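Chemist: Fold the stuff below for me.
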Amino acid sequence: MSRAYLNLGISPEITPLAMLRIAIRRLHPDTLAVHSWRAARKRYYRELLQAHAEAQLRARVACE
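Modeler: This next block holds a predicted model:
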C-alpha cells in the first residue's frame with residue numbers, strides 16, 4: 001500500500017473522485033502551480049488511485 005495513500009487517512013468506501021479531491025486539497029498551492037511538476041503530479045494521482053482500488057478490494061474481501 002502506498003505510504004502517501006495511508007497518510008491521507010481516508011476510508012476505502014469513498015469514491016475514487018472524492019479521494020482525488022481530498023489529495024489535491026492537501027497539496028501545497030505552490031506544488032500545484034509549478035508546471036514542470038505536472039507529470040509528477042499525474043504519477044502521484046495514478047499511484048493514489050491504484051492504492052485506493054487495492055484498499056477497496058481488500059475491504060470487499062474482508063466483508064465476505
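
Chemist: So which elements touch the host helix or strand of Tyr44?
Modeler: In the assignment (DSSP states H and E), Tyr44 maps to helix 38-63. Counting contacts by 3 or more CB pairs under 8 Å, 6 or more residues apart in numbering; DSSP states H and E, helix 38-63 is packed against helix 3-8, helix 16-26. Every residue, glycine included, has its C-beta placed from N, CA and C.

Chemist: want to throw those helices into CSV with mean pLDDT?
Modeler: Below are these laid out as CSV (pLDDT from 0 to 100):
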stretch, mean pLDDT
helix 3-8, 91
helix 16-26, 95
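
Chemist: Pick out the residue closest to the middle of this protein.
Modeler: The C-alpha lying nearest the average C-alpha coordinate of the chain belongs to Leu48 (CA atoms, centre = their mean; 3.1 Å).

Chemist: Contacts only, for that residue.
Modeler: Ser2, Ala4, Tyr5, Leu8, Met19, Leu20, Ala23 (CB atoms under 8 Å, 6 or more residues apart in numbering).

Chemist: Might you report the residue contacts of the nearest residue to the fifth one once chain neighbours are set aside?
Modeler: What it means is Met19. Closest residue to Met19 apart from its sequence neighbours, by CB to CB, 6 or more residues apart in numbering: His52 at 5.0 Å. His52 makes contact with Tyr5, Ile10, Pro12, Pro16, Met19 under the criterion CB under 8 Å, 6+ apart.

Chemist: how close does His52 get to Cys63?
Modeler: Per CB to CB, to the nearest Å, His52 is found 17 Å from Cys63.
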